[in-house]
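Colleague: 3D, please:
(chains A and B)
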Amino acid sequence: MIQFLTLLFFALTALLVFSVRQQGRAQGAADVPKGYRVLATDLGRDTRMESRGAILLRDNEWGITGKVDLLVQQVATKTVIPVEYKSAWPGFEPGTARPSHILQLATALVLCQGDSRVGQTPPEGWIRYIDTRGAVVSGGEIHVENTPDIRERVIGIAQRMRRALVTGEEMHRSHRSVSKCQRCALRPRCGEALAI
Amino acid sequence: MNGLWTTPVGKRAPEPRTDRPDITASQISDFSYCARSWWLRRVEGIVAETAETAAGTRAHGLVGDLVAESVVLERVVRLCAGLLVLIAGVIGTLWFVR
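Modeller: Residues are numbered from 1 along each chain as shown, chains lettered A, B, ... in the order given. Model prediction:
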């Protein structure tokens, strides 16, 4: 009996060493920093993964919901950080982020604060711009500080949107950027797209 | 509590309110990009995807695979460590009893 258990002990030790190495490699490949662990994810093309790992966060005070691409936690401090992944565009400038992406991340920060399951105000969130292979591009990780200003912007926009939904008010193009219209998938159906 | 969502234990998701429409994080992003694009999607129900968005979805999937692998291996590590402690305890007890 003891011999069998001793053999099992060494086999498990070998498996543990192997798994620790593989896990370190996989965590590096997934860009989960050392000292952090994954709490939840909405990433993945495998729907089983989504159903296992995704979590719909909810802020009932402001009526905002959303799934965060990745929610990591610093093991030492228990600090939660939401991470949003976005595709880097041609000509991406390192260190820059699109305003709409910043707002989506800011919404995740509001949700972390508002959902009792997280129940904390993250000091910041990260946007990661990835290439078509899923790798973070050079200078593609942007840290966005969680400030009262950014929170108020999110809440203000949510209230504006809800007002439009309740009143049925039609929304119109809210910018003068030709490139935005060029990139927009709804351009053929818009009726207000800028001349291209 | 499901899947990767591991903390805090025992806390339930807030109940959705039915007296007003929810606003989602991606809608806020859409609205910030262009109020009309949000309105066309949300109110008119127009679904549109470009090659760019399809490529983005694929890239998201690739990252998700890596994250999933990392999480599964982390669980294997925890399981192995737990079993090792247990087996060491059993071996120690057996030696002591002998």
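Colleague: mind checking the longest helix of chain B?
Modeller: When chain B is parsed with DSSP state H, its longest helix is helix B:51-97.
Colleague: near chain A at all, that helix?
Modeller: Yes: using CB under 8 Å from any CB of the partner chain, helix B:51-97 reaches chain A at B:52-53, B:55-71, B:73-74, B:76-77, B:80-81, B:83-84, B:87-88, B:90-91, B:94-95. Where you see a C-beta, it was placed from the backbone N, CA and C, and this is true even at glycine.
Colleague: any low-confidence regions in chain B?
Modeller: Of all residues in chain B, those with pLDDT under 70 make up the ranges B:1-13.
Colleague: how about a cut-off of 80?
Modeller: Low-confidence regions of chain B, defined here as pLDDT under 80, cover residues B:1-20, B:49-53, B:98.
Colleague: Go ahead and confirm A:C112 touches A:E124.
Modeller: No: counting by CB atoms under 8 Å, A:C112 sits too far from A:E124 to count as a contact (10.9 Å).
Colleague: Give me the more crowded residue out of those two.
Modeller: Between A:C112 and A:E124, counted using other CB atoms under 10 Å in any protein chain shown, A:C112 has the larger neighbour count: 23 against 15.
Colleague: mind checking the SS state of the more buried one?
Modeller: A:C112 carries the three-state label helix when classified by DSSP: H, G, I helix; E, B strand; the rest coil.
Colleague: what's near enough to touch A:Y85?
Modeller: When contacts are counted by CB atoms under 8 Å, 6 or more residues apart in numbering or on different chains, A:Y85 touches A:43, A:69-70, A:127-130, B:59-60, B:63.
Colleague: I'd like to know how far the residue nearest the centre of chain A sits from chain B.
Modeller: Nearest to the mean C-alpha position of chain A, by CA atoms, centre = their mean, lies A:E84 at 2.3 Å. In this view, A:E84 and chain B are 9 Å apart by CB to the nearest CB, to the nearest Å.
Colleague: Give me the distance between that residue and B:V67.
Modeller: Noted for A:E84: a distance of 13 Å to B:V67, by CB to CB, to the nearest Å.
Colleague: list residues touching both of the two?
Modeller: Common neighbours of A:E84 and B:V67 (criterion: CB under 8 Å, 6+ apart): A:L70.
Colleague: how's chain B carved up into domains?
Modeller: When chain B is parsed into structural domains using automatic domain parsing, the resulting residue ranges are B:1-47, B:50-98.
Colleague: Tell me how many other residues crowd B:F96.
Modeller: As a burial measure, B:F96 scores 7 neighbours (other CB under 10 Å).
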